[in-house]
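A.B. asks: Just the structure for this:
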Amino acid sequence: MKTVKIILAMLLFIVLGIGLFVWSGIYNPGADSPHWKITYTLMQTTRERAVEQRAAAITLPTNLYDAQLILKGAGQYAAMCTSCHLAPGMKDSELRPGLYPLPPNLSKVSVDPREAFWVIKHGMKMSAMPAWGASHDDATIWSMVAFLQKLPGMTPVQYREMVAKAPPDEEMGPMDDATLPVPGGHTHGGHAHAGD
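C.D. replies: Now for the predicted structure:
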């Protein structure tokens, strides 16, 4: 009985301590103030395991490597993703330096297609990653996933050519792709999808 009382007292002490910490406002939530290393590690591990668990049951579509699906995904990626996740030849964007944690540069890393689908569809809490499933159907999300399988290793020229051939998409509206890289590290505007 005495052991139970000690355990309950310790739990109460911990809960009160956490409550006091939260209420004190001592923790800096600013995106320009990095988490403590232990906080970051805990959150990162929790996020990665949670995505792995939720994505494990997703069935890949049979047409994931279809050229037209990849082409559609290229247009979607150019319109919605480059400000955070960059494109071949992009070194940074206006938005990216202010994000914490920094989103992965998807032109340089391979992503598991199931996990990519889950993250694109559901987004990530307490990050800049929106839940695109609220405004895009699964087929459109799979097109982005298909494109992500091709993106790493793509040159800036290959990327620009693919985006230029991407079909128009009424959901995206007009594209102002001043973020598309051109040789010399400059950007250009006036891009339109084929058929626009």
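
A.B. asks: When you work out contacts or count neighbours from here on, use the C-alpha atoms and nothing else.
C.D. replies: OK.

A.B. asks: what number of residues lie near I26?
C.D. replies: By other Cα atoms under 10 Å, the residues close to I26 number 9.

A.B. asks: which SS state does it fall under?
C.D. replies: Following DSSP: H, G, I helix; E, B strand; the rest coil, I26 is assigned to coil.

A.B. asks: Tell me how far it lies from H85.
C.D. replies: I26 sits 32 Å away from H85, going by Cα to Cα, to the nearest Å.

A.B. asks: Provide a list of residue ranges in the protein with pLDDT below threshold.
C.D. replies: 169-196 (pLDDT under 70).

A.B. asks: quick one, helices of it?
C.D. replies: Remark: helices assigned in the chain by DSSP state H are 2-24, 37-55, 67-80, 82-85, 113-122, 138-150, 156-165.

A.B. asks: if we compare the ones you listed, which one ends up closest to L106?
C.D. replies: helix 82-85 (5.5 Å; Cα to Cα).

A.B. asks: Please work out which residues outside stretch 130-145 touch it.
C.D. replies: With contacts defined as Cα atoms under 8 Å, 6 or more residues apart in numbering, stretch 130-145 is touched by 61, 64, 69-74, 76-77, 113, 116-117, 119-124.

A.B. asks: List buried members of the residues you listed by neighbour count.
C.D. replies: Buried residues within the contacts of stretch 130-145, defined by neighbour count using 16 or more other Cα atoms under 10 Å: 64, 69-74, 76-77, 113, 116-117, 119-121, 123.

A.B. asks: what's the farthest-apart pair in those?
C.D. replies: Pairwise distances across these (Cα to Cα) peak at 22.6 Å, for the pair L71 and G123.

A.B. asks: where's H85 relative to L60, distance?
C.D. replies: Note on H85: its distance to L60, by Cα to Cα, is 23 Å.

A.B. asks: Comparing these two, which shows the higher neighbour count?
C.D. replies: Counted by other Cα under 10 Å, H85 and L60 do not tie: H85 has more neighbours, with 20 against 11.

A.B. asks: wait, doesn't V51 sit right on W118?
C.D. replies: Yes. V51 lies in contact with W118 (Cα atoms under 8 Å); the separation is 7.2 Å.
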